[in-house]
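Asker: for reference, the sequence and a predicted model appear below.
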Amino acid sequence: MKEQPTQESPSSEIGGNNASKDAGKKAKAEKGIRLHPKYGLNPTMPMCFYCGKPKGEIALLGASYKDEAPTCMIVGIEPCSVCKENFADYTLLVEAEGIEEYTPGQRVKDRVKPTGRWCAIRKECLNVEHPSPVAYTDSETMDSLLDKKNSNE
């Protein structure tokens, strides 16, 4: 009688090399997705922060999201391909909390939380060169910009 291959117990992470347990553990720690204990990969479909339409992607949140992920959600401020094209001549200015505590070299997502307010400013109207199509600002600056815009209408 042939010996049936045994299946190892499911891991709480995906990824890695199963050649040896030590190598597998190291690879999993470096490249794996920590599975949610109840929802596994915990997938969601990212929506564009700017237009609110689906980006045509699937994000595997795993244990990084504490509950079951909704079917669709905004997972970042990177514009979708349509918005990138529409705003190619603009810098997208996103209002965020925590911008005051941010220091260069620090991971932005650890400190900066977008509020949902944003505006598009033509690049030629900015007096500074900004390498990214998206920049953060504080509430006071955003209020000032929106007040000036509203007073010119």
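Answerer: It's in.
Asker: only C-alpha atoms for contact and neighbour calcs from this point on.
Answerer: Fine.
Asker: what about the helices in this structure?
Answerer: 21-31, 81-86, 108-111, 139-151 (DSSP state H).
Asker: avg pLDDT for the longest one?
Answerer: What that stands for is helix 139-151. Across helix 139-151, pLDDT averages out at 79.
Asker: let's number from 36 now, not from 1
Answerer: All set: I'll call the first residue 36, so the last point we hit is now helix 174-186.
Asker: and the longest strand anywhere in the chain, what does it pack against?
Answerer: What stands out as the longest strand in the chain, according to DSSP state E, is strand 148-157. Applying 3 or more C-alpha pairs under 8 Å, 6 or more residues apart in numbering; DSSP states H and E, one finds that strand 148-157 makes contact with strand 125-132.
Asker: okay, the strand it packs on in PDB with CA atoms only?
Answerer: Taking C-alpha atoms only, strand 125-132 is exported to PDB below (Å, rounded to 0.1, in the frame of the first residue of the first chain):
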ATOM      1  CA  TYR A 125      -2.000  69.200 -11.100                       C
ATOM      2  CA  THR A 126      -0.700  68.500  -7.600                       C
ATOM      3  CA  LEU A 127      -3.300  66.900  -5.400                       C
ATOM      4  CA  LEU A 128      -3.300  68.500  -2.000                       C
ATOM      5  CA  VAL A 129      -4.800  66.200   0.700                       C
ATOM      6  CA  GLU A 130      -5.700  67.600   4.100                       C
ATOM      7  CA  ALA A 131      -4.400  65.300   6.900                       C
ATOM      8  CA  GLU A 132      -4.200  65.200  10.700                       C
END
